[in-house]
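Trainee: need coordinates for the following:
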Amino acid sequence: MKIKYIFLALTLLSLSACDDHQVFNDEQYKNVFGFICNSDNVLSQMFTLTDDTSTGYISFSMGGSNRTTEDVTIDLVEDSTLIDTYNKNTFDRAVEKFAHKLPKANYDLSSLTCVIKAGETNGTIPVTIRPEGLSPDTVYFLPVRVSSYKKCELNPEKSTLLYQVTLRNKWAKGDGSSTYTMSGLRAEEGSSEINMPGSKVMYPLSRNTVRIMAGNESYDASIETFNKSGLILQIDDNGNVTITPYRDMKVTQLSGDADYPNTFRVVNDGYNYYKTFLLHYRYQVGTSIYEMKEELRLQYNPEDADEDLKVK
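Mentor: Here you go, the predicted model:
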């Protein structure tokens with residue numbers, strides 16, 4: 001009797017193992033497609049303000065051990081409710097942080113249909129982006145979802161996409177990663193200069209303008225802070241810099257200092273390349289007036305394919 005029960009148990013275990021193996025094979029060989037994106041269904045691509053137009057791509061990936069034998073046709077629709085859901089889940093009631101739909105004037109979606117050719121594992125739809133006029137302080141999404149498809153199977157977790165457009169120019173990236181090292185001298189009116197080391201995050205505004213904080217004013221990634229203490233640097237083709245207020249800051253550019261001539265240059269110290277600003281200006285905070293001399297440096301690789309700024 002004991003032997004009979006053991007045999008029965010082994011038989012059931014064997015059948016269960018066969019079922020599990022069959023399920024594994026079915027899953028392994030099944031062709032399933034979905035948007036290429038991260039876990040939040042966001043795909044971020046960066047576009048240069050140096051160009052009037054640039055091309056990005058919305059892409060699908062096809063999984064499965066076997067290659068498809070027929071074309072897979074996928075139809076899309078733009079769906080702004082995806083942004084509403086994202087804002088609610090991510091920011092709750094913090095309206096000032098809400099993402100916005102990419103303005104229609106700033107993009108052309110070449111098609112709302114994607115075809116993954118038989119035997120291939122990827123399909124793409126080109127998107128033309130016109131970045132001029134977009135703000136580095138706003139999150140822009142082009143929201144799309146799969147509306148219908150023929151053949152194969154859709155991964156429900158990858159059936160929607162928030163295609164994010166971020167900005168860059170020769171001097172900064174709009175994701176907040178362009179942090180320049182500052183070596184500065186600051187003098188309050190009527191006092192001696194003091195050393196003012198630190199760092200500054202630089203943001204791209206247009207083809208040839210960027211934004212920084214004045215002096216050593218506290219940095220906070222908020223519109224209110226930028227309006228209060230932000231400066232605009234405009235760089236001409238010869239590397240000359242013009243300093244103006246972003247909005248409310250009172251600032252006067254000072255000229256004639258050979259050490260801080262209000263210029264931008266690429267500097268090589270024999271080992272590394274640095275994007276380098278030498279700035280001289282006076283600014284006011286409340287009733288206090290400060291004179292600021294500063295060098296801003298950011299190490300970079302001129303051979304980087306993503307760099308607009310090449311060393312000739």
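
Trainee: endpoints of stretch 190-205, how far apart?
Mentor: One end of stretch 190-205 sits 35 Å from the other (C-alpha to C-alpha, to the nearest Å).

Trainee: quick check: closest non-adjacent residue to Glu294.
Mentor: Gly184 (3.7 Å; C-beta to C-beta, 6 or more residues apart in numbering). Every C-beta, even on glycine, is put in place using the N, C-alpha and C of the backbone.

Trainee: that neighbour: what secondary structure?
Mentor: Under DSSP: H, G, I helix; E, B strand; the rest coil, Gly184 falls in the strand class.

Trainee: Ser178 is in contact with Tyr203, correct?
Mentor: Yes. Between Tyr203 and Ser178 there is a contact under C-beta atoms under 8 Å: 7.4 Å.

Trainee: shared neighbours of the two, anything?
Mentor: Ala172 (C-beta atoms under 8 Å, 6 or more residues apart in numbering).

Trainee: who's more crowded, those two?
Mentor: The neighbour comparison of Tyr203 against Ser178 (other C-beta atoms under 10 Å) goes to Tyr203, with 25 against 21.

Trainee: beta partners for that one?
Mentor: For Tyr203, the beta-bridge partners are Arg211 (DSSP bridges).

Trainee: ok, the closest residue to Tyr219 other than its chain neighbours - contacts?
Mentor: Setting aside the residues directly before and after it, Tyr219 is nearest to Met213 in space (C-beta to C-beta, 6+ apart), at 5.3 Å. Listed by C-beta under 8 Å, 6+ apart, the contact set of Met213 reads Lys200, Val201, Tyr219, Thr225, Ser229, Gly230, Leu231.

Trainee: next one: Met213 from Glu294, what distance?
Mentor: 11 Å (C-beta to C-beta, to the nearest Å).

Trainee: excluding chain neighbours, give the residue nearest to Gly133 in space.
Mentor: In space, Gly133 is closest to Asn106, 6.8 Å off (C-beta to C-beta, 6+ apart).

Trainee: where along the stretch 1-150 of the chain do the helices fall?
Mentor: 2-29, 81-91 (DSSP state H, counting those that start in this stretch).
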